[in-house]
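Asker: Pasting the sequence and the predicted model now:
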Amino acid sequence: KPLCFPRSCRHVSTSASTKTKVLTTETMHPLVRQVEYAVRGALPIRAEALSKQLLSDKSLGFDRVVFCNIGNPQQLNQKPITFFRQVASLCENPELLKPENRQTLLKLYPDDAIARAELLLKHIGSVGAYSHSKGIHHIRENVAKFIEERDGYPADPENIFLTQGASAGVHTVVQILTQNYKSGFLIPIPQYPLYSATLSLVDATQVPYYLNESTNWGLDVKDLKKAVDGARDNGVDMRALVIINPGNPTGQCLTEQNMREIIEFCHNERLVLLADEVYQTNIYKPQTRPFHSFKQVLCSMGGDYKDQELFSFHSISKGMVGECGRRGGYLECVNIDEKVMDQLYKIASVSLCPNVQGQILVDLMTNPPTSGDSSYPQYREEIDSIYQSLKRRSSKLADCFNSLEGMTCNDAEGAMYLFPKLTLSEKAIEAAKANAMAPDTFYCMSMLEATGVCVIPGSGFGQQPNTFHFRSTFLPEEHLFDSFCGGLRKFHGEFMAKYKD
Ligand SMILES: Cc1ncc(COP(=O)(O)O)c(CN[C@@H]2CONC2=O)c1O
């Protein structure tokens, strides 16, 4: 019988309450302590607190907090794609697929959703089982087919890892590429802070290259060369170039010519290319700035570049899918050394496998209903409706920002964000200092307290010195968009008046 002393008998060391914890911020890994990730930093933390306060306090001046800090479409009520959820739900509850339930089931589910679930379960077994550490082979075959159809060049399922979101793939690749603190990675400024945070965690060296706001966040290879040469002069062992295309937070889409120059640069400078392409279907100017994958451009450049190493990342969190919480994505490894691939597999094995429902969504994202399938009309309508709405909202919000005093904003060619530039008065800058905040953080915090809208200051992504920006998604529901923009307009006018020089 297990010993169980009543509380009164237990000897509690009097020093227990005074003994410091074993684990404190002083004794934790310093690399963890130094990591910053603004997308879920001070502003969202305050926003969460206000959201809770709203439950009991109606005096805040707004009736809801609008989380524009994160590209999380379904948090702002974007509907999931029906076919995807039908298949996922059948995979989750295979009892429904039993013959005795078929007549009832056909009243609730289209035949192609039933067929897809049965096909997936044939390869998966149970969603509750560990899968292959690279991901289910059948799904990796479908991802390879998707890549081949997208690019017109072969893709090998063995070079594809399904991942727990693109984040996990990025982390693994950065980790395996980092030999020591001298390992240098070129990262864009502004950048999505997954990269700066991950590089901090592995103690690698961040080598920034600035995107040019005046050319709609253009990337000039000459700037890359300057950054690499400067880093090498300082003893940095340059390893890789990170490209986010379409850009986050900046929304630019690279031209094919620019991509060829980038690949040539990597080849000449012997840099591994990390291509983050999670927004590859969030393309709002397809006529002038269509999406090209780096895989496709690399293959089109022919034999001289056949040894250029490339890692490409994709995700189910973005596009019109927005299944962020399911944590699904893939990593394609191109021209990577066989033995390194074995090491990648070993690291993937340590985490056993990416979650299976996330893998199912990768299959559905890359292998959706096609013309002639029962679900195709509804699938097409849902995707097109979300796409057109995102496109309209991106323009509406950019127009709103460009109409505000002291604010300019490049259009979003892609992704889910706008990154407007703020010109702030001396008084506002002084007030920020008095509040121990960066000026753009002060502006964003003031916006949050006045409107309930949570955006992220430019300092969370990096920006040219003495410039101020913030990042907002354009995800608030379209029927609320006019009042959303109206609220921002009102706040901005009051803020500028309050701190007028
Ligand atoms: C450029 C980029 N890469 C990778 C990821 C990670 O995606 P997974 O969900 O697949 O891990 C994100 C997420 N976007 C973050 C999250 O929402 N807002 C952002 O800026 C991203 O914007």
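Answerer: On my side now, so go ahead.
Asker: C-alpha from now on. contacts and neighbour counts both.
Answerer: Will do.
Asker: Next up, the contacts around Phe291.
Answerer: Neighbour list for Phe291: 246, 253-254, 280-281, 283 [criterion: C-alpha atoms under 8 Å, 6 or more residues apart in numbering].
Asker: Around the ligand, which positions in the stretch 201-350 of the chain sit nearby?
Answerer: Within reach of the ligand by C-alpha under 6 Å from any ligand atom, the stretch 201-350 of the chain has these residues: 244, 248, 276, 278, 315, 317, 324, 329.
Asker: would you turn the residues you listed into TSV with neighbour count, distance to Asp111 and secondary structure?
Answerer: Listed next are these as TSV, based on neighbours: other C-alpha atoms under 10 Å; distance: C-alpha to C-alpha, whole Å; DSSP: H, G, I helix; E, B strand; the rest coil:
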residue	neighbour count	distance to Asp111	secondary structure
Ile244	23	39	strand
Asn248	27	39	coil
Asp276	25	35	strand
Val278	25	30	coil
Ser315	31	27	strand
Ser317	26	27	coil
Cys324	19	27	helix
Gly329	28	27	strand
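Asker: if we can go back for a sec, okay, among the contacts of Phe291, which ones form the most distant pair?
Answerer: Across these, the longest distance by C-alpha to C-alpha is 13.7 Å; it joins Leu254 and Thr281.
Asker: coming back round to it: going by distance to Tyr153, which of the contacts of Phe291 wins?
Answerer: Gln280 (17.3 Å).
Asker: thought the closest one was touching Asn245?
Answerer: Yes. At 7.3 Å, Gln280 counts as touching Asn245 under the criterion of C-alpha atoms under 8 Å.
Asker: Just want to know which of those two has more residues nearby.
Answerer: Between Gln280 and Asn245, counted using other C-alpha atoms under 10 Å, Asn245 has the larger neighbour count: 24 against 21.
Asker: contacting residues for the more buried one?
Answerer: Contact partners of Asn245, counting by C-alpha under 8 Å, 6+ apart, are 252-254, 275-280.
Asker: go on, Leu201?
Answerer: Shown in contact with Leu201 (C-alpha under 8 Å, 6+ apart): 31-32, 35.
Asker: Put the buried members of the residues you listed into a PyMOL selection.
Answerer: Paste this into PyMOL to select the buried members of these, with burial taken from 16 or more other C-alpha atoms under 10 Å:
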select buried, resi 35
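Asker: name the element Val174 belongs to?
Answerer: If you go by DSSP states H and E, Val174 is part of helix 165-177.
Asker: That helix: which residues count as buried?
Answerer: For helix 165-177, burial by neighbour count (16+ other C-alpha under 10 Å) applies to 165-172, 174-175, 177.
Asker: Run the chain-centre distance for the next helix-or-strand element following it.
Answerer: Using DSSP H and E, the helix or strand that directly follows helix 165-177 along the chain is strand 183-189. Distance of strand 183-189 from its chain centroid, counting by C-alpha atoms, centre = their mean, to the nearest Å, is 18 Å.
Asker: repeat for stretch 249-257
Answerer: Centre-to-centre, stretch 249-257 and its host chain are 16 Å apart (C-alpha atoms, centre = their mean).
Asker: Stretch 105-117 too?
Answerer: Per C-alpha atoms, centre = their mean, the centroid offset for stretch 105-117 relative to its chain is 32 Å.
Asker: just stretch 485-497 next, same as before
Answerer: 29 Å.
Asker: before we move on, the earlier item: the buried residues of helix 165-177: which ones sit near the ligand?
Answerer: 165-167.
Asker: what would those look like in TSV with distance to Arg116 and pLDDT?
Answerer: Listed next are these as TSV, based on distance: C-alpha to C-alpha, whole Å; pLDDT from 0 to 100:
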residue	distance to Arg116	pLDDT
Gly165	22	98
Ala166	24	98
Ser167	27	98
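Asker: And the strand or helix carrying Asn258, what's buried?
Answerer: Element membership of Asn258, judged by DSSP H and E, is helix 256-269. The neighbour-count criterion (16+ other C-alpha under 10 Å) identifies 256, 259-260, 262-267 as the buried residues of helix 256-269.
Asker: Just the pLDDT for Ser8.
Answerer: Ser8 carries a pLDDT score of 50 in this model.
Asker: repeat for the one 3 residues further on
Answerer: Predicted confidence (pLDDT) for His11: 50.
Asker: One more: the one 10 residues further on?
Answerer: On pLDDT, Lys21 comes in at 91.
Asker: residues near it, how many?
Answerer: With neighbours defined by other C-alpha under 10 Å, the count for Lys21 comes to 10.
Asker: now the helices for the stretch 301-450 of the chain?
Answerer: 338-350, 356-366, 376-402, 426-434, 439-451 (DSSP state H, counting those that start in this stretch).
Asker: For those, could you give me CSV that also reports mean neighbour count?
Answerer: Converted to CSV, the helices of the stretch 301-450 of the chain look like this (neighbours: other C-alpha atoms under 10 Å):
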stretch, mean neighbour count
helix 338-350, 13
helix 356-366, 24
helix 376-402, 18
helix 426-434, 15
helix 439-451, 22
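Asker: I'd like to know which of these lies nearest to Pro99.
Answerer: Closest among those, once you apply C-alpha to C-alpha, is helix 356-366, at 22.8 Å.
Asker: ok, that closest one near the ligand or not?
Answerer: No. Applying C-alpha under 6 Å from any ligand atom, one finds helix 356-366 separated from the ligand by no less than 9.9 Å.
Asker: where in the stretch 101-250 of the chain is pLDDT low?
Answerer: Along the stretch 101-250 of the chain, the model assigns pLDDT under 70 to no residue.
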